[in-house]
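In: Here is the input, now give the coordinates:
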Amino acid sequence: MARVPVFYSFHFDNDVMRVQQIRQMGMIDGDEPVSKNEWETVKRSGSGAIEGWIDNNMKYKRCVVVLIGTDTYARPWVQHEIKKAWAENRGLLGIHIHNLRCPNRGTCAKGSNPFDQYTFRDGSTFVQPPVYDPPAHDAYNYIKNNLAAWVEDAIARRR
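Out: Numbers count the residues shown, from 1 in each chain. Okay, here's the model as predicted:
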């Protein structure tokens, strides 16, 4: 399968180390990691700057992958990214990442499905973006072995 450009949506403070593991798998062309300093600079510049950063980084991405940690569902910018992805007809999927081990925090509690907050329509049909929940005993390899196919499937669902 060809590597597809994607945008990762996640709660930076809680989950950045888990997200780095997924980026380093090299299975898809994910957006480049943002440093904590860069993200703090963008945040201090206000909501207009954050929205502009999201727009610039989501541009040319075919799919948005929401990496779901404990509090991801409640993050306003994740909610914005979900709505934007759907409105722009991008592939959209979620992956629970609570079973990936963070070097600083270990695993975490499973978060709520952020898509449950929305009604998604594809024409006159109600649909739900897929959400994957890797098993605790081998979450890393499960994601690595399936990520490219999940992204391709999410894109195909929006065609």
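In: residue ranges for the helices of this protein, please.
Out: 12-23, 36-44, 47-58, 76-87, 139-157 (DSSP state H).
In: Show me which residues of the longest one are buried.
Out: Neighbour-count burial for helix 139-157 flags 139-140, 142-144, 147-148, 150-152, 154-155 (criterion: 16 or more other CB atoms under 10 Å). Heads up, the C-betas are built off the backbone N, CA and C, glycines and all.
In: Then the second one?
Out: Buried residues in helix 36-44, counting neighbours by 16+ other CB under 10 Å, are found at 39, 42.
In: Just the residues contacting it, thanks.
Out: If you take CB atoms under 8 Å, 6 or more residues apart in numbering as the criterion, helix 36-44 is touched by 12, 16, 34, 49-50, 53.
In: and which of the residues you listed is nearest Gly106?
Out: Of all those, Gly106 sits closest to Val16, with 14.8 Å by CB to CB.
In: Give me the local confidence score for that closest one.
Out: We note a pLDDT of 86 for Val16 in this prediction.
In: thought it was touching Arg23?
Out: No. Here Val16 lies out of contact with Arg23, judged by CB atoms under 8 Å, at a distance of 10.0 Å.
In: Next, the buried residues of stretch 67-75.
Out: 67-73, 75.
In: ugh, wrong one, stretch 121-135
Out: Neighbour-count burial for stretch 121-135 [16+ other CB under 10 Å]: 129, 131-134.
In: Most neighbours out of the contacts of helix 36-44, which is it?
Out: Val16 (20 neighbours; other CB atoms under 10 Å).
In: follow-up on the earlier one: ok, of the buried residues of stretch 121-135, which one's closest to Cys102?
Out: Out of these, the member with the shortest distance to Cys102 (by CB to CB) is Pro134, at 14.8 Å.
In: Need phi/psi at the closest one.
Out: Pro134 adopts backbone torsions of phi -60, psi 150, taken as degrees, to the nearest 10.
In: pLDDT value on it, please?
Out: Taking Pro134 on its own, its pLDDT is 97.
In: Great, nothing more from me.
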